[in-house]
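# okay, sequence plus prediction incoming.
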Amino acid sequence: MQNKLVSIVIPAHNEEENIVVIATRIEQVLAGLSYDYEIIIVDDGCRDNTLSVVQQLAANDPRVFFIELSRNFGHQSALKAGLDHAHGDCVISLDADLQHPPELFAEMLNKWEEGYDVVYTRREEDPNLPLAKRKTSMYFYKLLNALSETEIEAGTADFRLMDAKVVEVFRNFKENDLFIRGMIKWLGFRQYAIDYMPNKRYAGASKYNLRKMQKLAVQGVTSLSVKPLHMAVYLGFFISCLSLLYVPYVFYAYFFAKHVNGWASLIVTVAFFGGLQLVILGIIGIYIGKMFMQGKNRPTYIVRSTNIK
Ligand code: UDP
Ligand code: MG
C-alpha cells in the first residue's frame with residue numbers, strides 16, 4: 001500500500017539561518033514514521049538569502065518545494081499560499097523559527113489517524129518569554145474571546161495539522177481578511193488539542209513587534225465577529241441614559257444659579273462625547289474598510305516563482 005502524503009507548510013520571512021535546521025529536524029522526525037512528505041517553504045518577501053537556501057535544498061531533495069511571493073504579504077497570507085499549494089492527505093503548518101517542535105508530528109499524526117480532522121496545538125506558558133510578550137498574548141486572547149463568538153483558546157498559534165478535506169474547505173473561502181486560527185476553529189469538524197512547551201526562537205528576531213501584534217488583535221476581533229458594532233450601540237445607549245441624569249441639574253442651574261458656571265462640566269462632556277463618537281466611528285470605519293478591501297476582491301498573495309507543479 002502506498003504511504004499517505006503529509007505536506008509541511010512553513011511561512012518564512014527572513015529566516016535564512018533557520019531553514020536548513022528546521023528541514024533537517026523535520027526529516028529526522030519523519031524518517032521514523034511511515035509517511036511520504038513534502039516540505040513547502042513560503043518565501044514571504046524575504047530580504048535575506050532565505051530563498052536561495054530553500055532553492056539549494058530543493059535542488060538536492062525532490063521533497064522540498066518553495067513558493068516565492070512577490071512581496072511581503074504577512075504571515076497569514078503566506079500560510080494561505082502554502083495551504084493552497086499543498087497536495088498532502090493532511091497538512092501540518094508551523095513556524096520557521098523552531099519554536100514549534102517538529103517532534104510533535106508523531107502525536108499529531110496519531111490523532112489524525114484516530115479520525116480527528118484538525119489537530120491544533122496549545123502553547124504552554126513559556127517562562128523564558130519576556131513578561132511583556134506573555135502578558136500581551138494573554139490579553140490578546142481574553143479580548144478576542146470577550147469580543148467574538150468563536151472561542152479561541154489561549155496559546156493556539158498556527159502550528160496545526162489539518163486533514164485534506166478541511167484544507168479544501170478553507171481553500172474555497174473567498175475571504176481576504178485572514179485570521180486563520182479563528183477561521184479553522186469556526187469550521188468545526190473534529191478538532192483535538194495538544195499541549196506543548198514552545199522552544200526558544202533558534203536564530204533571527206521575532207517579526208511580531210507590538211504594532212504587528214496590535215494589528216493582529218484588531219484583525220482577530222473584527223474578522224471573527226461584528227460584536228464590537230453591537231457594543232458600540234449599547235455603549236451609546238448607556239451613555240445617553242446616563243446623560244439624562246444631568247437634566248435636573250441643568251434645570252436647577254438655569255433657574256437658580258446666579259452666575260455663569262458649568263463651564264468645566266460642559267467642556268468635560270463635550271470632550272467625552274467627542275472621544276466616544278470618534279471611537280465608535282472608528283469601529284464602524286474598520287468594518288467599512290474591510291468591505292472596501294473585500295469588494296476589490298484582490299488576491300491575498302501573489303506568487304512570483306515556485307517549483308510546485
Ligand atoms: N512570518 C512571515 N511573514 C511575516 C512575518 C512572519 O511569513 O511578515 C513568519 C516567520 O518567518 C515565522 C512565522 O511567520 O516563520 C512566525 O513569525 P515570528 O516567529 O516572527 O512570530 P512570533 O513567534 O514571535 O510570534
Ligand atoms: Mg516565532
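Cool, got the structure. Numbering: from 1, shown residues only. Ligands and ions are numbered 1, 2, ... in the order given.
# quick one: the strands in the protein, in order.
Along the chain, the segments classed as strands by DSSP state E run 5-12, 36-43, 64-69, 90-93, 118-123, 156-163, 191-196, 303-306.
# which among those is found nearest to ligand 1?
Relative to ligand 1, the nearest member of the strands of the chain by Cβ to the nearest ligand atom is strand 5-12, separated by 3.5 Å. For glycine as for every other residue, the C-beta is placed from the backbone atoms N, C-alpha and C.
# report whether the closest one contacts ligand 2.
No - if you take Cβ under 5 Å from the ion as the test, strand 5-12 misses ligand 2, and the best it gets is 10.7 Å.
# could I get the strands of the chain as a markdown table with distance to residue 203 and mean neighbour count?
Shown next, in a markdown table, are the strands of the chain (distance: least, Cβ to Cβ, whole Å; neighbours: other Cβ atoms under 10 Å):
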| stretch | distance to residue 203 | mean neighbour count |
| --- | --- | --- |
| strand 5-12 | 12 | 25 |
| strand 36-43 | 15 | 25 |
| strand 64-69 | 19 | 23 |
| strand 90-93 | 20 | 25 |
| strand 118-123 | 20 | 21 |
| strand 156-163 | 18 | 22 |
| strand 191-196 | 21 | 16 |
| strand 303-306 | 25 | 14 |
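# those: which one's closest to residue 175?
Nearest to residue 175 among those is strand 156-163 (16.0 Å), distances taken as Cβ to Cβ.
# contacts made by that closest one with the rest, please.
75-76, 79, 83, 89-95, 100, 104, 108-109, 111-112, 116-123, 170, 180-181, 184-185, 189, 193 (Cβ atoms under 8 Å, 6 or more residues apart in numbering).
# picking up where we left off before, now the strands of the chain in CSV, with mean pLDDT?
Shown next, in CSV, are the strands of the chain (pLDDT from 0 to 100):
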stretch, mean pLDDT
strand 5-12, 96
strand 36-43, 95
strand 64-69, 96
strand 90-93, 96
strand 118-123, 92
strand 156-163, 92
strand 191-196, 91
strand 303-306, 94
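# residue 223 and residue 284, how far apart?
Residue 223 sits 16 Å away from residue 284, going by Cβ to Cβ, to the nearest Å.
# comparing those two, which residue is more hemmed in?
residue 223 (18 against 13; other Cβ atoms under 10 Å).
# against residue 290, how distant is the closest residue in space to the more buried one that isn't next to it in sequence?
Take residue 223 and drop its neighbours on the chain: the residue closest to it by Cβ to Cβ, 6 or more residues apart in numbering is residue 179, 4.3 Å away. As for residue 179, its distance to residue 290 is 12 Å (criterion: Cβ to Cβ).
# okay, and the common contacts of those two?
By Cβ under 8 Å, 6+ apart, the residues touching both residue 179 and residue 290 are residue 223.
# quick one: low-confidence parts of the stretch 51-200 of the chain?
Residues of the stretch 51-200 of the chain meeting the criterion pLDDT under 70: none.
# how about the residues of it that lie near ligand 2?
95, 97, 99.
# for ligand 1, tell me which of the residues you listed show up nearby.
95, 97, 99 (Cβ under 6 Å from any ligand atom).
# list the ones among the residues you listed that fall in helices.
Per DSSP state H, helices hold no members of these.
# with neighbour count and distance to residue 28 added, can I get these in JSON lines?
Converted to JSON lines, those look like this (neighbours: other Cβ atoms under 10 Å; distance: Cβ to Cβ, whole Å):
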{"residue": "95", "neighbour count": "22", "distance to residue 28": "18"}
{"residue": "97", "neighbour count": "23", "distance to residue 28": "17"}
{"residue": "99", "neighbour count": "19", "distance to residue 28": "17"}
